[in-house]
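**Q** build me a model from this:
(2 chains)
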Amino acid sequence: MVDALPPPRKKHPTRRTRVPTLPPMARSRAALFFTAYAARGELRLQHCEECGTVAYPPRDICGNCWSSALHWKPVAPDGVLLAETTLHTSTNIYFRERLPWRIGAVKLKNGPVVVAHIHSDAEEGAGVRIFARTDKSGQGVLFALPAEDTENMADDKALRELTCDPKHRRVLITDVRTRLGQSMARAALDAGAAKVFLGVAETWKPFQDQEALYALANTEIAPLDLADGASVAELASSIGGKVDILINTAQHIRPGSAMSRRDVVTAKEEMEVNFFGPLRLLQALGPAMRARGADGANSAVAWVNCLSVFALSNRPSFGLTSASQAAALSLSQNARSEFAGSGVKVINAFHGPLDDEWSQQLPPPKVAPERFATDVMRALRKGLEEVYFGEIAQDIHERWREDPAVLERELTLTNLMD
Amino acid sequence: MTLLQKLGDAVISKAVKTIDLTHTLDPDFPVLVLPPEFGQCQPFRIEEVSRYDERGPAWYWRNFSCNEHTGTHFDAPVHWVTGKDLPNSSVDTIDPNGFIRPACVLDFSKEVAADDDFVLTEDHIKAWEKEHGDIPGGHWVLFRSDWSKRSGADYLNLRDDGAHSPGPDAGAIRYLVETRDVIGFGVETIGTDAGQGGHFDPPYPAHTLLHGAGRYGLQCLRNLDQLPPKGAVIVSAPLKIKAGSGSPLRVLALVEDQ
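**A** Below you'll find the model as predicted:
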């Protein structure tokens, strides 16, 4: 059984903050497919179309029949831990700093023997559950959990290296003016966050349920206007070294398309919040988070973007909001490359239309902000980097993966028939 | 000595004091709030271009942006639909003679302290005139409410039925424009109209009647408590923005030391 992780002590005043080090990063191109699936929480291995062999590790041609017709397909997570080794020494600095470290060989029920990191409660010879996730290098690895949940399972040292568990961490919610932001703040507290900073723009303008929110324990009001660079810089200078998880809930969503609007005023406001907002946050808070990727039990771990799924493909009736969301998605890719090697994951949480005033006329299904918030916490606990919440987001994502050009035409037709 | 030489000397010796009636342009200063489906008034925003660094080693400068009605600002007649067809009614074309004018300061701060929704009426103005004499033509009328001493959420004073702040009714504005021929009306609140002015008859009487008659507005003033009821001269030249509906500006009052 894993001991419950105690709340981290305050930092020692004279010790240097531990610099992030990394497990091995180099991968073949084929292995990047495995990484991309792992980032979405999918366990997939290559299956040979010719002879049916399941390839492991990822390769360019089938090791059995030399066919290049290898296809990534889901694999059942059940397996047996055949053999386990506890490392007490390593030439790799990342592992050296974290010794002892368990690795083992797992025979997948419907697949090959794989090498995985092993949870402390998984026992040799016993059943395990395997999952794929990205590690501190941003690369896909396998991890073996005990067959049944155990007490304090999430607090396992090796597992916590893969996840972004809010437990004992400090979370900045960038905008709590909306139901989305307020739900996110409450969900973070429920997930065990040590503190939640409540980002509020234009504090002179009251908002619904303000008093109930401010009354919550372990919260702190953080004046923060993403449209104002000075405000973002000021907040960073005050709490920049204390943000372990940043969840950007600020969104400016308005109906309207290029020709249905008469000017660029609203489009500029959309860009101010949806694109320049996260850019200002990255410039002000990113460097400190990047430096704190290995800063103990409450290290900086996650940068969460709440994005409309129409960042993937333009939704004509909200055409300019979609365009700004597409810009935000592109920015998140830039951010992910800049956070690479720091141990901070960039998580894109995509949603369909939220159940708010801007989707009032839309029929269900709509995403309840409360539900979305708990799903974001689940994604953090799992350490996922890309998640699609709700039927619409999942459906759009599926169609986008199938063919973005077809989806674009579909969305045009849907708009014309509405 | 000419009149202006005397004035110049008095300013230098501070026999004539210069009082700043302006709030600092600050991103945190409130702006008018409309329902979100309408176009909004942009708050003051600043982006640094360089500050003695690699972006410009020896100089510090910034870009700023805002609405024409952000912070302490001037309303030109063309701001309102009733003034849209008047000649020379935007900030770049109105007669600069109006930018330096004497003012009457009507102190109703006690009444406002007792009632956020205090409505200034013709009777209130007449009562003031009984004490201080008639308002001469061509003057500014500045409505002192001490509202500028409020900050944060108390300044707009938004509740679920709208903003609550003092302002004039239609009778007061008609009296000032038609009987007293004022050049404009200045206030300490976010607009020349009361917070609930949209529910008056006609809606927004100050905007509607002042601008329809080619008069000006000054909003978000401060330090009116340092002005005498009569005798101050207001310097309030808006930026010369092409076809501008208004402009943030520095409003100064010249007051004789008595």
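**Q** please enumerate the strands of the stretch 251-400 of chain A.
**A** For the stretch 251-400 of chain A, the strands defined by DSSP state E, counting those that start in this stretch occupy A:302-308, A:345-351, A:386-389.
**Q** SS state for A:G125?
**A** Assigned state for A:G125: coil (three-state reduction, DSSP: H, G, I helix; E, B strand; the rest coil).
**Q** spit out the contact partners of it.
**A** A:V80, A:L81, A:L82 (C-beta atoms under 8 Å, 6 or more residues apart in numbering or on different chains). The C-beta positions use only the backbone N, C-alpha and C, and glycine is treated the same way.
**Q** roughly how far apart are it and A:P6?
**A** 32 Å (C-beta to C-beta, to the nearest Å).
**Q** just B:S50 next, same as before
**A** Taking C-beta to C-beta, one finds B:S50 at 47 Å from A:P6.
**Q** for A:R381, what are its contacts?
**A** Taking C-beta under 8 Å, 6+ apart as the test, what A:R381 contacts is A:A154, A:T163, A:C164, A:D165, A:P166, A:A191.
**Q** which strand residues bridge the residue most central in space within chain A?
**A** Nearest to the centroid of the C-alpha atoms of chain A, with distances taken as C-alpha atoms, centre = their mean, sits A:I347, at 2.6 Å. On the basis of DSSP bridges, A:I347 is bridged to A:V304.
**Q** which residues are contacting the longest strand along chain A?
**A** Longest strand in chain A, counting residues (DSSP state E): strand A:78-87. Residues outside strand A:78-87 that contact it (C-beta under 8 Å, 6+ apart): A:95, A:99-109, A:113-114, A:118, A:122-130, A:144, A:147.
**Q** return the subset of these lying in helices.
**A** Counting by DSSP state H, these place A:F95 in helices.
**Q** ok, of the contacts of strand A:78-87, which come out buried?
**A** Buried members of the contacts of strand A:78-87, counted by 16 or more other C-beta atoms under 10 Å in any protein chain shown: A:95, A:101-106, A:108, A:114, A:118, A:122, A:127-130, A:144, A:147.
**Q** now, those that are in strands?
**A** Counting by DSSP E, the part of the buried ones among the contacts of strand A:78-87 found in strands is A:101-106, A:108, A:114, A:118, A:127-130, A:144.
**Q** list the residues that contact residue 6.
**A** Since no chain was named, I'll use chain A. So A:P6 contacts nothing (C-beta under 8 Å, 6+ apart).
**Q** which SS class is it?
**A** coil.
**Q** thinking again about what came up before, of the ones in strands among the buried ones among the contacts of strand A:78-87, closest to chain B?
**A** Using C-beta to the nearest C-beta, A:W101 is the member of those that lies nearest chain B, at 43.1 Å.
**Q** how far away is the closest residue in space to that closest one that isn't next to it in sequence from A:I118?
**A** With C-beta to C-beta, 6 or more residues apart in numbering or on different chains as the criterion, A:W101 has its nearest non-adjacent residue at 4.6 Å, and that residue is A:L87. Counting by C-beta to C-beta, the gap from A:L87 to A:I118 is 11 Å.
**Q** identify the contacts common to the two.
**A** A:R102, A:I103.
**Q** read off the pLDDT value for A:D418.
**A** pLDDT recorded at A:D418 is 63.
**Q** A:M1 too?
**A** At A:M1, the pLDDT value in this model is 82.
**Q** that one and A:E151 touch, don't they?
**A** Yes: judged on C-beta atoms under 8 Å, A:M1 makes contact with A:E151 at a distance of 5.2 Å.
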